[in-house]
Structures are given as C-alpha cells and as structure tokens.
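J.: with the input below, show me the fold.
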Amino acid sequence: MAHKIDNNGKLLRFGWWALAAIIFALVILIRIRLLGIPLERDEGEYAYAGQLMLQGIPPYKVAYNMKFPGTYAAYAVIMSIFGQTIAGIHLGLLLVNAASIVLVFFLGRRLVNYTAGIAAAASYAILSVSPSVLGFAGHATHFVMLPVLGGALLLLHEFGRQRLGRLFASGLLFGLALLMKQPGVFFILFGAVYLISTDVLSGFKLKRILLRNLIFSAGAILPVGITCLTLSYAGVSKQFWFWTIDYAGQYGSLVPLAQAPEIFFNSVREVIGAGWALWVLAGAGGVAGLWDRRMRGSTVFLLSFLFCAALALCPGFYFRYHYFIFVLPAVSLLAGVAISKLSELVAGRMMTAGFLPLLLLGAALSLPIFRDKKFFLVASPVEACRMIYPESPFPESVRIAEYVREHTSPNDTIAVLGSEPQIYFYSQRHSATGYIYSYGLMEPQKYARRMQEEMIGEIERARPKYLISVVMNDSWLQQPRSDRLIFTWANEYTAQNYAAAGFVNMTPTETDYFFGDVPPSVKDLKDYILIYNRNP
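T.: Numbering: from 1, shown residues only. Have a look, this model is predicted:
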C-alpha cells in the first residue's frame, strides 16, 4: 500500500511539473510568435529615449515625458544586446517576463510549498501575456515588477533574520522598481512596513529595528539618488523636475474623484475577462489562507502585497489596462494558495481525487487561452496589433519611418505633430522638438498653452526637413476645452514652408499609402497622416 501511495505521489508531482512546462513553453511560443508586433506609443517612447541614451544623450534633453528614466535605461540595455529593432525589444521583454515567472514560483514555494509555486507561476505566465492587460507590449509595469519580486524574495529569505547585506540588496531592488515608474514607491512602502512588523514580532530591540530599516531604506533611496546626481551633471535636472514632478502633478489631478469608480470597474471587467476563474481562485485562496493557521502569515503577506499593488494602480485614477500588471503576481500567488489548500484537502484520498486540483487549475488556465486563441496562435504580428489597436497608426508608423529615413540624412531632424514617438525610433532621426507626445498640449491643465508655445518655438528653430501631421483623434485626444493654438499655427506654418510629400489614409479595412504622389482627394477620409517635405 505504501508503495502504491508513493507511486501516486510521484505521478502527481510529474503532473504538476508537466503542466508547468506546458504553460511556460506555450507562453514562450506566443511571445516568440509575436516578437514582430509593431511598437505602440509607450514602447516607442521608451525605445526612442533608450536609443538617445545609447548615443550619449541623457533623458529629458531632447525628448520630454513625465516618467522616471529607469525603463529608458532598461530599453537601452536590451537594445545594446539584441539590437535596435522591434524583435530585439520584445525578446528583451520575453526574458524579463520569464524571469518574473521564475521569481513568482520561488515566492510561492517559499511562502507555501512547491505546488503553490507552480500554480502561481503558471497563473502569472498566462495572465501577464494576456491582451486584456496589454501584456505582449513592453510597458514599464513589467520592468517594475521584476525587481519588486526579487526584493520581496530577499525579504522573505530566512524570515526575521536577514543579514544586513541582504536587506540592502532588497531595498536596492525596490528602489530600482521606483526608478522604472513612480508607482513603484508603493512597493517600497510595502517592504518597509513588512520589515518593521516582522522585526517587532521577532522581539528585536528598537536600536536593531532602526538599523535594519535604515539599511533597507538606504538601498531603496540609492538608485534615485544616483539618477538625480547623474541628471544634474548632464544639465537636465530642471527638465527632469518639471516633467516628473510639476507636470506629473497636473496630469495626476485631471480625473475627478467622482469618476474614479466608474473608470475602475470598467477596466476591471475588461482585465478579468476570460481569466475570471483564476481571479476566483485568488479570492478563495485569500479566505482559505486566513482560515488556515499555518498559512495565515503567508496569506497576510500576500494580501498586504496585493493592497500596495492596488495602491500603485490609483495615481491619477486612469486605471489603464497595463497598470493591472502590478496586481497580477499577488493574484497569482493567492490562486496558488487556493490550489495548495485544495491539494491538502484531497491528499490521501483515491488517486483520481488527488488530480482534481491539477485539473481545476488546467481548466482555469485554458479559459483565457481559448478566448484569445486567434490573437495568441493565429494572427500575424500586424493583424494582432490591429486587433488590439484598430484606431492607432502603429503598423503604418513602420512604413512612414522607412520613407523618412530613406529621404533624410542622419543629421536631419523631423517633427511629428501627434503622439507617435515610435516614428522617431524607427526612422533613427532626432525629433525637432522635445514634445514627442501631444496629449499634454490638449489637456485642461495650466501648462498646456506654455507647452504648445514651446513646441512651436522648438520646431521653428530646428527647421525639420520632414514634418508628419497625424490627423487622428487617437493621437491627440482633443477635448472641448483644449487650446487650439497648435492647430492654427500648424496650418499656417506648413502652408508657408512645406509641400506635401506623402499621404497615408487609414480605413477600417485597409491602409492606402501615397509617397511622392499625393492625390487631390480620396473617397473615404477619416484618419490620415500627411508627410510634408520642407521647401528648398
């Protein structure tokens, strides 16, 4: 009988590892298949800023944005290894995501057991590649979570007795997460509160508690401190402060609090989608973990982690889909708790009962795969891009940039009137203005008029060889209260100084390209892009 039970246990363990291998291989296959999916705007921004860094140009000097520069540096590292291409960037994302999956496994194993670790890693692998969170794109959220997971794992190692070097390393990783994007500060808060609470429960004296937390905080502050000194030395500290503090504060106050619940629940409905079974498992894991005395400490850790991750979603109340990547590790780990608890309940019963948790998790993982099977396994990279961004010129940007690159020299500048920074990256040409996004110009915030005037002045002084006008609401997000100075100026400036050299017309079914032979009129005209060449 003992021999039979042992064989059943080995077979069950094999089943768990087989499921993990299948899910991991499937996610890798999906990401490899979609390596060539055109960059969207955030990726274009990071790629262009990283490209400039590789040329020795610091962030915020010739490309402005409110995000901290950590993701720019991460893109620069990826492109220095894999090349300045779409596939190279997405290959780097694949490795970042794979490393995060592995860390989720180790966290689950450390907090509960290997079953929970496998279930959590498989859940995170599927949830984090889903188009419902735009997981296929190299958003900053992926680069935030990698060091956060590493820092959390270091905090958990040898509970309550971390060596000082390990504490510093943990703080350093949390600090890198903040450098990737400002909401990373909430994970630093999580680490600090967790460390204080465990030290108090462990009965440490006040002096030791203060010393350990000082070391953790020093590690967390160091990356941002070094960055600030480096940017100051590069002469861009003023721009850095304005964009990441002053303007970011304006941006974060545009959405009224009264609208936040509606935006949040609309986003949550889309994010959960066909992955609802994994989210239900996470909820069950939270309840079961608190009920089970042995799992209670680990569950409190995960619920605290989830709470701080939820706080990272909230700044500005925008609740964009890719922001929810912040909560996916905690959700996945709680799902792992539920599967582990269910495995305990059926342990020792008949062999088929032992496989129930494995089958349940497999079914939950299969739901989002089947729902998005066309995106994952059938559509070409360009088709997949159009499925998610039907009103954005992301595939068109590649061809526009090729035309511009072929008709300019490396010393020429170009200007894009719109929010399409990926064109600068593809064309390998510098922008004539630091305003690589036009959204801020349209927002009802106090810097909008000044920003429009600065963009106009920079373009007029640079005299770009090509000017690309994006006539699409998706690229401007114009509002009723938007200042229209930029549009009035653009009409006059292009008429006096430029001639139409290209025209790209986008319809729901196809895109027509006209280079060097712009038609006087077209049958269907809604979203289009005009390429202007400066008059001799």
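J.: in this structure, what secondary structure element scores lowest on mean pLDDT?
T.: helix 351-354 (a mean of 69; mean pLDDT, DSSP states H and E).
J.: what's downstream of it, the next helix or strand?
T.: Remark: after helix 351-354, the chain's next helix or strand is helix 356-371, criterion DSSP states H and E.
J.: helices or strands next to that following helix in the packing?
T.: With contacts defined as 3 or more CB pairs under 8 Å, 6 or more residues apart in numbering; DSSP states H and E, the packing partners of helix 356-371 are helix 2-33, helix 114-129, helix 276-291, helix 328-346. For the C-beta atoms, the positions are set from N, CA and C on the backbone; glycine is no exception.
J.: 6 Å - rerun?
T.: Judged by 3 or more CB pairs under 6 Å, 6 or more residues apart in numbering; DSSP states H and E, the packing partners of helix 356-371 are helix 114-129, helix 276-291, helix 328-346.
J.: now the strands for the stretch 401-536 of the chain?
T.: 413-417, 430-431, 466-471, 498-506, 511-515, 527-534 (DSSP state E, counting those that start in this stretch).
J.: surely residue 155 is in contact with residue 171?
T.: No: Residue 155 lies out of contact with residue 171 (CB atoms under 6 Å); the separation is 9.2 Å.
J.: hmm, back to that, a markdown table please, covering the helices and strands packed on helix 356-371 and showing mean pLDDT.
T.: Shown next, in a markdown table, are the helices and strands packed on helix 356-371 (pLDDT from 0 to 100):
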| stretch | mean pLDDT |
| --- | --- |
| helix 114-129 | 97 |
| helix 276-291 | 96 |
| helix 328-346 | 95 |
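J.: of those, which is nearest residue 459?
T.: Residue 459 lies closest, by CB to CB, to one member of the helices and strands packed on helix 356-371: helix 114-129, at 39.3 Å.
J.: list the helices and strands the closest one packs on?
T.: Right, helix 114-129 is packed against helix 2-33, helix 86-111, helix 328-346, helix 356-371 by 3+ CB pairs under 6 Å, 6+ apart.
J.: out of those, which is the most enclosed?
T.: Mean neighbours per residue, mean count of other CB atoms under 10 Å, is largest over the helices and strands packed on helix 114-129 for helix 328-346, with a mean of 26.
J.: show me how far that one is from its chain's centre.
T.: Centroid separation for helix 328-346 versus its chain: 25 Å, with CA atoms, centre = their mean, to the nearest Å.
J.: who's in contact with that helix?
T.: Contact with helix 328-346 is made by 104, 108, 112-113, 115-116, 119-120, 123-124, 127-128, 278, 281-282, 284-286, 288-289, 302, 305-306, 309, 353-354, 356-357, 361, as judged by CB atoms under 6 Å, 6 or more residues apart in numbering.
J.: what of stretch 510-524?
T.: Residues from elsewhere that reach stretch 510-524, judged by CB under 6 Å, 6+ apart: 396, 403, 500, 502, 503, 504, 505, 507.
J.: show the buried residues in those residues.
T.: Taking 16 or more other CB atoms under 10 Å as the criterion, what is buried in the contacts of stretch 510-524 is 396, 403, 502, 503, 504, 505.
J.: in those residues, find the pair that's most separated.
T.: 403 and 505 (14.8 Å).
J.: just the helices in the stretch 101-250 of the chain please.
T.: Applying DSSP state H, counting those that start in this stretch to the stretch 101-250 of the chain gives helices spanning 114-129, 140-156, 164-180, 185-201, 206-233, 237-241, 248-251.
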